[in-house]
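S.K.: Sharing a model prediction with you, sequence too.
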Amino acid sequence: MAKNFIQAGDTVTIPAPAAIASGSVVIAGAIIGIAQGDAASGASVDVKTSGVWELPKVGADVATLGVAIYWNSTSKLATVTASGNTKIGVAVEAAGAGVASIKVRLSGF
């Protein structure tokens with residue numbers, strides 16, 4: 001057995017890039033995940049980088065199964081719009097216009 005293994009990596013502990021609320025999307029460089037607790041900026045926060053999560057989305061967006069989903073850091077909403085946003089995963093079910101949330105399989109990093 002290798003002696004340099006640290007952890008599986010589906011949850012990583014990192015300094016919070018800003019004040020973070022539990023359940024919110026965390027983007028720290030190429031690390032993308034969901035905060036597992038509240039944290040002040042710079043404090044340690046556990047970030048889950050895998051799994052399927054229900055996230056708030058842009059109400060007007062129409063998302064089909066398997067479409068790429070992006071995170072708008074200004075509005076704090078998932079969107080199908082790539083321009084100016086960070087890809088976080090793919091939709092695991094369709095979510096039409098007027099629907100306030102979407103289920104997203106995180107891409108991790």
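M.R.: Great, that's in hand.

S.K.: quick one: contacts for the residue nearest to residue 93 when sequence neighbours are not counted?
M.R.: Take residue 93 and drop its neighbours on the chain: the residue closest to it by C-beta to C-beta, 6 or more residues apart in numbering is residue 103, 5.3 Å away. In this view, the C-beta of every residue, glycine as well, is placed from N, C-alpha and C. Residue 103 makes contacts with 52-55, 91-93, 95, as judged by C-beta atoms under 8 Å, 6 or more residues apart in numbering.

S.K.: what about 7 Å?
M.R.: Neighbour list for residue 103: 52, 54, 91-93 [criterion: C-beta atoms under 7 Å, 6 or more residues apart in numbering].

S.K.: do the same with residue 55
M.R.: Per C-beta under 7 Å, 6+ apart, neighbours of residue 55: 25, 78, 101-102, 104.

S.K.: Same question for residue 39.
M.R.: Counted by C-beta under 7 Å, 6+ apart, residue 39 has contacts 16, 20, 45.

S.K.: Kindly report the same for residue 43.
M.R.: So residue 43 contacts 15-16 (C-beta under 7 Å, 6+ apart).
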